[in-house]
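Student: return a 3D structure for these sequence lines:
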Amino acid sequence: MKRWLKIFVTLLPFLYMILIWALSSLPHDVVFKLQNDLADQFIKESMHVVEFAILHFLFVIALLAHGKLTTTTHLIAAVFAAFYGLLDEIHQAFVPTRSATLIDAIKDLAGVLVVYILIQRAYFIKKNGFLGKRLQSFEKWIRHTKKRSSTEA
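Tutor: Modelled structure (predicted):
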């Protein structure tokens, strides 16, 4: 069971990247449109930060699942997520009814940066804090697998 979960957790950031790409291929008001234009714009603009924060966090979880989260791999994952945000903005420049702006790319980067700092602090600096303990607990749980004895097989 955990083996399949580990595979799923590993694939999750890449599946999420496909979802981001697919959603950014659609007109901006297809997924949802609020009655209040100001609220609609605020939520949609905020989604840049949120969606790339989630992407970086999914990479962190995948690295934890394999016991590979180090300061170096964490930085590489953050850079990769940030570059994907930039690539997504370039992609949107070619989608009718969408636009690519530097400010949107900065919001994507901000989402990655928030999670990067949070994980850096929680997992590498203050390991005994709430988030640090949860991350370590998840890593230990998902990496621990019972070996089947020959009588079970």
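
Student: in the chain, which spans are strands?
Tutor: With DSSP state E, there are no strands along the chain.

Student: how close does Thr71 sit to Val49?
Tutor: Plainly put, Thr71 is 23 Å away from Val49 if you go by C-beta to C-beta, to the nearest Å. Where C-beta positions appear, they are placed from N, C-alpha and C, glycine not excepted.

Student: the two: which is more packed in?
Tutor: Using other C-beta atoms under 10 Å as the criterion, Thr71 and Val49 rank with Val49 on top: 19 against 10.

Student: got the contact list for the residue lying closest to the more buried one once chain neighbours are set aside?
Tutor: Of all residues not flanking Val49 in the chain, Gly111 sits nearest, at 4.0 Å (C-beta to C-beta, 6 or more residues apart in numbering). Applying C-beta atoms under 8 Å, 6 or more residues apart in numbering to Gly111 gives the contacts His48, Val49, Val50, Glu51, Phe52, Ala53, Ile54, Leu55, His56, Gly85.

Student: among these, show me the least confident.
Tutor: Across these, the bottom pLDDT score, 87, is held by His48.

Student: am I right that that residue is in contact with Thr101?
Tutor: No - with contact defined as C-beta atoms under 8 Å, His48 does not count as touching Thr101 (9.9 Å).

Student: quick one, which of those two is more surrounded?
Tutor: His48 (22 against 12).

Student: quick one on the thing from earlier: so how far is Phe138 from the residue nearest to Val49?
Tutor: 21 Å.

Student: swap in Tyr116?
Tutor: For Tyr116, the distance to Phe138 - C-beta to C-beta - is 18 Å.

Student: need the helix or strand of the protein with the lowest average pLDDT.
Tutor: Lowest mean confidence among the helices and strands of the chain (mean pLDDT, DSSP states H and E): helix 37-65, at a mean of 88.
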